[in-house]
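Enquirer: Got a sequence here, can you build the structure:
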Amino acid sequence: MFKPVPALVAVAVSTVLFSSGAKADDLPINDAAQQMEVLVISGTRTEKPLKDVAGSISVVTAEEIERQVATDMSQLFKYDPSIQVTGGIGGAQNIVVRGMGSDRILMIKDGMRMNEGYGADGLNDIVGRGFIETDTLKQVEVAKGAASSLYGSDALGGIVVFTTKDASDYLEEGETVGGNIKVGYSDLSSQANVSGTLALKTGDFEQMLNASYRDGEEEKRYNEAQSPFKVESSSVLYKAKYHLNDTDFLSFSADLWRQTRKGESADGLLAYFRGLEEYGYNIEEENSTSEKSTDAFKLEYRSEANTAMYDYLSVAVYSNSTNQDDEEYAFLDINAPMFGVIEKRDMWKTGYFEQQTTGFLSNATKEINDWNTIGYGLDVESSTSSRTVVEYREVEGSPTKDVTTDKFPKTDVFRAGLFVNDEMKFLDDRLTVTPGVRFDMYKMDPNGALKTDGEEFKKFDENHTSFNLGALYSISNYLTAYAQFGQGFKVPSYDLAYIEHTNSPTSDYTYTIVPSDDLAPEESNSYEIGLRGHVGDMAFTSAIFYNDYTNFLTTELVSTETIDGVRYETYQYNNIDSVTIKGAEVGLTYYIGDELSIFANAAYQDGKNDNTGDYITSISPLSGTAGVTYESESWSSDLVMNWADRMTKVNEGDAEVAGYAVVDWLLNYDISDNFRLNLAVNNIFDTEYVRYSNASGHAEDFDMSQVTEAGRTFAASLSYKF
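Expert: Here you go, the predicted model:
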């Protein structure tokens, strides 16, 4: 039976009681039990049923993505109140887990560290990663809380693991050819999409090829007043697997993604001039284009042979290359004799971002005896990143400005980590204890780049040890408790450690960011306890978490002054001693019968700078979902309400955001064994509302119409399976 994401979270994470100590014969057979058998890898880096993992993991499956007609990464966790996604279709995006986001959440795709983009909104949030084609996804997992003991640097607040489909996901038992064709449309972004997949199996060799194409616009706001950017994207995913024998195989994957974004505005280039029309600065023409691409290749050897060193072994090498070119153009007709300027001016601003990552990954497990299984591995990764901006101005054929600047110097990063974990079972398998430790080396080198004062930027050379301890105890066949402690760390990213930047966004305001030489790695301790249960046809979950962060990196205002009516502000990135984010999550699902079920869940967060008492702007208000699902043999229907309380935990001068309740309707119909139709009506009552994650940190007089969600929208997809 299909449940939207909130139901899966409420049920899948709650019914862990089916783990050690509970006998299948003692439990009702229903969807709760089936959902708990979903295999996840984020908890231990090896496949394990969700029921056997201590800690909260949200899971979105391919079936849920399809049935909710999700077309973009920003829509994947729409019904999970503990996870927010900033940004939208066509722009840079980041995932916020329990109030922690940006590059403090490690994102992994098919085992590979995902590269970054450039241009997300918000302080400490200038990287954006949205290189995802939803049609290729098999599963998405979000492990909440620090996870550096398994994944190393950047897993400060959690990890997101994307897993793409294989040929076996399209082939039934005994089939040698299979695949599907899908078409769809969403008026949220006026986007049409088409994709096709072909899977082949010949002897011991299997292959899969998916090609996807999307053509639309950036997503709507409620009033649809903006001139939307055109967004076009394409994706090609090829995966091959050769079975060496019954236990071993070699696999290769190539994942290619492209996006083009075009619009009739150039805000980055013209922000300074938009307030000068009355003085004769007339904007006659403007446009912008952004080209993004990422190419990822991976070669892996995997074995499940029972040897003296391992029962499971994965060894892989990968390469991930990302490029982003942003160009803005404007033409000004200037008639400002009071400033001595009468001219026609062409202006260009072009930004280039590049990142190249290569890596070696290894992971193994060995069962020592019936109650003890050891896991271990080594990761070695290196990356090179650069960001260059070129500004060029021309007046009647004569250049007046030609400046090239590096927003941060070309930076090399080296990471190496060795980890060991242990899974131990006690008390007739009713208690599972999972300690883990990882030692990491981290080096960051700006290649001798100099600050404006002539001094070299600082190199980083850090070592760090991270611990984790989890415990899962079956109190009875119907009640399970768990507790988990995890540590995380993050070395300051290159764009924050080495940024030195001056900008004048308006004619009366200029800000400067100056570098800091004494930034320390951020560290975190995550604590979580939970109680999960199952009574008859009702499953429930409750979890309380407490996360403390030390050396938390933030921007601080160093100085401010006003000269001749222009305000000048100077900022610097600095560490603050302590930040605390705490909260609770609760959910339940009740199966009224074989065809009808209801569900509800909620999440609460509170986060502050412990030094000043200021709120952390990335937390979310009390929010949740509630809904009802009906499913017959060939069709299902879901009515889901997404709600949030008014956000009052804001700092002085910042905007509060009103609460809301929005209702969606989903309909899924299997026309035949081969054809499936999926429909979604979002915000069916056409409610105007703002998600706090899009408005956080804005001033109380900010025009909220700029960040409203869309009104009523429709989406549909039709797929043919062969």
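
Enquirer: Any stretches of this protein with poor pLDDT?
Expert: The chain contains residues with pLDDT under 70 at 1-37, 42-43, 48-52, 119-130, 225-226.

Enquirer: From the centroid of it, which residue is nearest?
Expert: residue 95 (3.5 Å; Cα atoms, centre = their mean).

Enquirer: got the contact list for that one?
Expert: 73, 77, 83-85, 101, 105, 107, 142, 160 (Cβ atoms under 8 Å, 6 or more residues apart in numbering). C-beta: built from backbone N, CA, C; applies to glycine.

Enquirer: Turn the residues you listed into a markdown table, including secondary structure, neighbour count and distance to residue 686.
Expert: Output for these, formatted as a markdown table (DSSP: H, G, I helix; E, B strand; the rest coil; neighbours: other Cβ atoms under 10 Å; distance: Cβ to Cβ, whole Å):
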| residue | secondary structure | neighbour count | distance to residue 686 |
| --- | --- | --- | --- |
| 73 | helix | 25 | 25 |
| 77 | coil | 24 | 23 |
| 83 | strand | 25 | 25 |
| 84 | strand | 25 | 23 |
| 85 | strand | 21 | 22 |
| 101 | coil | 23 | 29 |
| 105 | strand | 26 | 33 |
| 107 | strand | 24 | 34 |
| 142 | strand | 25 | 30 |
| 160 | strand | 24 | 32 |
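
Enquirer: okay if I get those as TSV plus distance to residue 195?
Expert: As requested, the contacts of residue 95 are exported to TSV (distance: Cβ to Cβ, whole Å):
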residue	distance to residue 195
73	16
77	22
83	25
84	27
85	22
101	29
105	28
107	22
142	25
160	23
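
Enquirer: hey, where'd the strands end up in the stretch 501-650 of the chain?
Expert: 501-506, 509-514, 522-535, 538-563, 566-591, 596-609, 623-631, 635-644 (DSSP state E, counting those that start in this stretch).

Enquirer: how much space is there between the residue nearest to the centre of the chain and residue 162?
Expert: 11 Å (Cβ to Cβ, to the nearest Å).

Enquirer: what do the two both touch?
Expert: Common neighbours of residue 95 and residue 162 (Cβ under 8 Å, 6+ apart) are residue 107.

Enquirer: just the helices in the stretch 351-500 of the chain please.
Expert: Counting by DSSP state H, counting those that start in this stretch, the segments of the stretch 351-500 of the chain that form helices are 494-497.

Enquirer: what are the ranges of the strands in it?
Expert: 372-395, 398-426, 431-445, 460-476, 479-490.

Enquirer: Which stretch among those strands is buried most, on average?
Expert: Among the strands of the stretch 351-500 of the chain, ranked by average contacts under mean count of other Cβ atoms under 10 Å, first place goes to strand 479-490 (a mean of 23).

Enquirer: CSV for the strands of the stretch 501-650 of the chain, including distance to residue 254 and mean neighbour count?
Expert: Putting these into CSV (distance: least, Cβ to Cβ, whole Å; neighbours: other Cβ atoms under 10 Å) gives the following:
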stretch, distance to residue 254, mean neighbour count
strand 501-506, 36, 14
strand 509-514, 39, 16
strand 522-535, 34, 21
strand 538-563, 36, 17
strand 566-591, 37, 18
strand 596-609, 38, 20
strand 623-631, 37, 21
strand 635-644, 35, 20
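
Enquirer: Of all those, which one is nearest residue 194?
Expert: strand 635-644 (24.0 Å; Cβ to Cβ).

Enquirer: quick one, that closest one and strand 623-631 angle?
Expert: Counting by axes from the mean of the first three to the mean of the last three Cα atoms, to 10 degrees, strand 635-644 lies at 170 degrees to strand 623-631.

Enquirer: ok, back up a step: got the strands of the stretch 501-650 of the chain as JSON lines, with distance to residue 450 columns?
Expert: JSON lines is the format used below for those (distance: least, Cβ to Cβ, whole Å):
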{"stretch": "strand 501-506", "distance to residue 450": "15"}
{"stretch": "strand 509-514", "distance to residue 450": "14"}
{"stretch": "strand 522-535", "distance to residue 450": "26"}
{"stretch": "strand 538-563", "distance to residue 450": "21"}
{"stretch": "strand 566-591", "distance to residue 450": "18"}
{"stretch": "strand 596-609", "distance to residue 450": "33"}
{"stretch": "strand 623-631", "distance to residue 450": "47"}
{"stretch": "strand 635-644", "distance to residue 450": "48"}
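
Enquirer: right, and those - which one's nearest residue 464?
Expert: Among the strands of the stretch 501-650 of the chain, the nearest to residue 464 by Cβ to Cβ is strand 522-535 (8.0 Å).

Enquirer: Strand 460-476 and that closest one, what's the angle between them?
Expert: Going by the same axes, to 10 degrees, strand 522-535 makes 10 degrees with strand 460-476.

Enquirer: could you check the angle strand 479-490 makes with strand 522-535?
Expert: 160 degrees.

Enquirer: Strand 522-535 pairs with which strands, and in what direction?
Expert: Applying DSSP bridges to the sheet, strand 522-535 is found paired with strand 479-490 (antiparallel), strand 538-563 (antiparallel).

Enquirer: circling back to that earlier point, tell me which two of the contacts of residue 95 sit farthest apart.
Expert: Most distant of those, by Cβ to Cβ, are 84 and 107, 14.6 Å apart.

Enquirer: just to revisit the earlier point, closest one to residue 207 among the strands of the stretch 501-650 of the chain?
Expert: Closest to residue 207 of these is strand 635-644 (Cβ to Cβ; 32.6 Å).

Enquirer: Now do that closest one: which elements does it pack against?
Expert: Judged by 3 or more Cβ pairs under 8 Å, 6 or more residues apart in numbering; DSSP states H and E, the packing partners of strand 635-644 are strand 623-631, strand 660-670.

Enquirer: Nearest approach to residue 46 belongs to which of those strands?
Expert: So among those, strand 623-631 is nearest, using Cβ to Cβ, at 31.0 Å.

Enquirer: other SSEs contacting the closest one?
Expert: With contacts defined as 3+ Cβ pairs under 8 Å, 6+ apart, strand 623-631 has these neighbours: helix 5-12, strand 596-609, strand 635-644.

Enquirer: one step back: turn the helices and strands packed on strand 635-644 into a markdown table, columns for distance to residue 187.
Expert: Listed next are those as a markdown table, based on distance: least, Cβ to Cβ, whole Å:
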| stretch | distance to residue 187 |
| --- | --- |
| strand 623-631 | 23 |
| strand 660-670 | 14 |
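
Enquirer: Which stretch among the ones you listed approaches residue 296 most closely?
Expert: Closest among the helices and strands packed on strand 635-644, once you apply Cβ to Cβ, is strand 660-670, at 31.5 Å.

Enquirer: Which of the residues in the closest one are classified as buried?
Expert: Residues 660, 662-664, 666, 668 are the ones in strand 660-670 that count as buried (16 or more other Cβ atoms under 10 Å).

Enquirer: which among those gets closest to residue 314?
Expert: Using Cβ to Cβ, those come closest to residue 314 at residue 668, 35.2 Å.

Enquirer: can you tell me how far the closest one sits from residue 581?
Expert: Distance from residue 668 to residue 581, by Cβ to Cβ: 37 Å.

Enquirer: Equivalent analysis for residue 143, please.
Expert: Taking Cβ to Cβ, one finds residue 143 at 16 Å from residue 581.

Enquirer: right, and the strands paired with strand 522-535 - which one's nearest residue 181?
Expert: Closest among the strands paired with strand 522-535, once you apply Cβ to Cβ, is strand 538-563, at 36.6 Å.
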